[in-house]
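Asks: everything below, folded, please.
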Amino acid sequence: KGKSIEEYLLENWLKAATKMKVSEKLQDYLINIFKNRQIWLLLDGVDEMLDGVDEMPTEPVNILEMIAQELTGWLGEAAVVLTCRNNIWNEGKNPLESFQVYQISGFDDDMTTGFIKKWFEKNEEEGNKLLQKFQENSEKPNPLWTRLKDMTKNPLRLALLCYMWQRLGDIPDSKLALYREFVNILYEWKKDRFPVNLKQRQELDKALSKLALSGIEKNYFYYTSSELQKSIQDKSLLSLSLEVGLLNQVATTKESISEKVYVFFHPALQEYFAARGIPKEENNKKVDWRYFLDIKEGKKLIYRIFKPQWSEVFLIWFKIENSQSEQGKILIYRLIDLVMGKPQQEDIPEKATSAIKRLLYALDETFLQYVARGLKESWFRKKHREDIGNSHAVKIISCLLEVAHVPLTKCEAVWCLRDVGVDNKEAYEILIGLANKYCQEKEKETDEDKVLCRQVIDSLNTLYLNSNQKEVLHKKIKSELLPIDSRLLVLFKDIF
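Replies: Predicted coordinates for the structure are as follows:
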């Protein structure tokens with residue numbers, strides 16, 4: 001505030017540090033130890049240097065140029081550590097290019113744990129609850145927690161996550177709620193320095209949604225300055241997105257240092273804004289689940305949902321409004337028809353299978369049950385049941401059983417295998433694996449084990465009776481199941 005770094009150190013800082021009257025001798029001593037590098041100068045958060053000034057400059061200011069002009073004389077001989085965001089450091093020609101540059105590397109698991117413990121130092125119980133939550137979900141095939149795990153590698157994102165836990169006492173269980181809360185926190189985090197009114201926020205969110213959607217369409221997660229200016233023409237909104245932290249500059253292009261490269265705070269937020277940017281109408285028609293299918297490129301059908309970058313966008317989109325959950329169900333059934341029916345293009349069943357498998361990891365148990373029932377219903381509607389769709393259906397059920405937690409969902413999957421898995425080697429192996437897990441003698445046998453065991457045995461019996469390869473299947477079941485548990489001899493009454 002009106003003082004140079006040198007004046008501040010010799011007058012304000014020295015007095016506060018020593019609690020003494022500042023004499024010329026004391027100032028000379030400080031200058032001397034700076035020259036000998038016995039003391040270092042830390043300039044932390046240079047990009048926020050102007051936040052506290054009484055009057056903001058009317059012309060653009062090169063913060064690094066200001067710092068370079070200050071680091072002269074005895075300060076020019078001092079050891080200086082400076083931190084700032086990439087977008088400031090890479091802003092054109094850098095007057096501090098003689099500095100050794102280090103990028104912050106991502107946290108590993110131990111560093112993440114240490115950070116969380118430090119954050120909740122005064123409330124260890126809450127910190128331990130958050131760590132336990134991560135531990136419980138670390139081995140589950142859940143994309144939501146995979147994304148959260150990725151976020152914890154970045155100190156700022158981990159700080160936001162800790163702050164969210166502090167505020168809510170939990171992590172939202174849906175991606176929509178989680179990312180919405182992240183955006184709210186980013187706005188709140190900077191509200192003292194960069195206040196945003198409701199109208200500004202609505203305009204910025206709309207601009208970012210347009211930008212995010214255009215990037216997903218092209219599978220871009222990086223934007224150049226010129227691309228940004230096309231989507232966000234209002235320069236004040238562009239500045240606001242950088243100040244709040246929703247967009248960050250990460251580099252400059254090879255062609256020109258003046259052409260900067262930007263990304264969203266995290267790819268998950270790009271997907272969140274893209275989902276919000278899907279138009280309500282397109283070509284005078286209401287947009288529904290068809291937006292993700294039946295896109296023509298020339299004579300070829302291109303399906304958005306087949307492309308991996310659209311899976312997350314779809315999952316967020318159909319939960320933005322509760323009424324759209326029905327749209328999700330319709331789309332999944334349409335994908336199942338593409339798996340089981342006669343394809344218009346040879347690669348469609350396989351791509352539809354991959355799309356469904358990606359979606360399974362984020363669907364709730366009710367939707368997982370829809371998938372199992374849909375596969376079964378589609379199989380019964382088929383005229384040619386020897387089609388390759390059966391093998392794709394078995395792959396989907398295998399994936400579904402990995403992610404399902406509710407007994408009813410697992411039963412639905414097993415019932416489906418009973419029909420679609422005839423003479424399919426993988427179907428037999430899945431059921432035999434389930435028999436090994438749920439039909440063995442145990443000290444504590446749960447009701448869930450008993451129900452699933454019964455369903456597995458019935459399904460294997462049915463597959464055996466409908467099989468054209470009874471002899472091969474008989475040997476396989478006898479060799480792989482009976483040595484494990486003699487009770488299975490009784491259970492497989494139809495086979496033996």
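Asks: what's the mean pLDDT across stretch 123-133?
Replies: Taken as a whole, stretch 123-133 has an average pLDDT of 90.
Asks: which residues are contacting it?
Replies: 113, 116-117, 119-121, 162, 165-166, 169-171 (CB atoms under 8 Å, 6 or more residues apart in numbering). Every residue, glycine included, has its C-beta placed from N, CA and C.
Asks: which among these gets closest to residue 357?
Replies: Nearest to residue 357 out of those is residue 171 (CB to CB; 24.7 Å).
Asks: nearest to residue 152, of the contacts of stretch 123-133?
Replies: Scanning those for proximity to residue 152, where the rule is CB to CB, the winner is residue 116, at 8.5 Å.
Asks: what helix or strand is that closest one located in?
Replies: helix 109-119 (DSSP states H and E).
Asks: which strands or helices does that helix pack on?
Replies: helix 124-137, helix 155-168 (3 or more CB pairs under 8 Å, 6 or more residues apart in numbering; DSSP states H and E).
Asks: ok so, going back, just the buried members of the contacts of stretch 123-133?
Replies: The neighbour count (16 or more other CB atoms under 10 Å) marks 113, 116, 119-120, 162, 165, 171 as buried among these.
Asks: got the contacts of stretch 123-133 as JSON lines, with distance to residue 197 columns?
Replies: Listed next are the contacts of stretch 123-133 as JSON lines, based on distance: CB to CB, whole Å:
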{"residue": "113", "distance to residue 197": "39"}
{"residue": "116", "distance to residue 197": "34"}
{"residue": "117", "distance to residue 197": "38"}
{"residue": "119", "distance to residue 197": "30"}
{"residue": "120", "distance to residue 197": "33"}
{"residue": "121", "distance to residue 197": "35"}
{"residue": "162", "distance to residue 197": "28"}
{"residue": "165", "distance to residue 197": "28"}
{"residue": "166", "distance to residue 197": "26"}
{"residue": "169", "distance to residue 197": "29"}
{"residue": "170", "distance to residue 197": "30"}
{"residue": "171", "distance to residue 197": "29"}
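Asks: got the residue ranges for the strands in the protein?
Replies: Ranges of strands in the chain, per DSSP state E, are 40-43, 79-82, 223-224, 247-252, 260-264, 281-282, 285-286, 295-297, 300-302.
Asks: what's the neighbour count on the closest residue to residue 435 other than its chain neighbours?
Replies: Spatial nearest neighbour of residue 435, chain neighbours left out: residue 456 (5.0 Å); criterion: CB to CB, 6 or more residues apart in numbering. Using other CB atoms under 10 Å, the number of residues around residue 456 comes to 26.
Asks: residues in contact with residue 456?
Replies: 414, 431, 434-435, 438-439.
Asks: of those - the most surrounded one?
Replies: Ranking the contacts of residue 456 using other CB under 10 Å puts residue 414 first, with 26 neighbours.
Asks: I'd say that one and residue 459 touch.
Replies: Yes - using CB atoms under 8 Å, residue 414 is in contact with residue 459, at 5.2 Å.
Asks: mutual contacts of these two, please.
Replies: residue 431.
Asks: please enumerate the helices of the stretch 201-350 of the chain.
Replies: 225-231, 235-244, 267-277, 308-320, 325-340, 348-360 (DSSP state H, counting those that start in this stretch).
Asks: how far away from the center of its chain is the first one?
Replies: Relative to its chain's centre, helix 225-231 lies at 25 Å (CA atoms, centre = their mean, to the nearest Å).
Asks: contacts for that helix next, please.
Replies: 207, 210-211, 214, 223, 238, 247, 258-260, 262.
Asks: which pair in those residues spans the largest distance?
Replies: For the contacts of helix 225-231, the farthest-apart pair by CB to CB is 210 and 258; their separation is 24.2 Å.
Asks: of the two, give the one with the bigger neighbour count.
Replies: Taking neighbours as other CB under 10 Å, residue 210 and residue 258 compare with residue 210 leading, 18 against 11.
Asks: so what's the more buried one up against?
Replies: 231, 277 are the contacts of residue 210 under CB under 8 Å, 6+ apart.
Asks: quick check: it vs residue 231, distance?
Replies: Distance, residue 210 to residue 231, by CB to CB, to the nearest Å: 5 Å.
Asks: tally of neighbours for residue 362?
Replies: 19.
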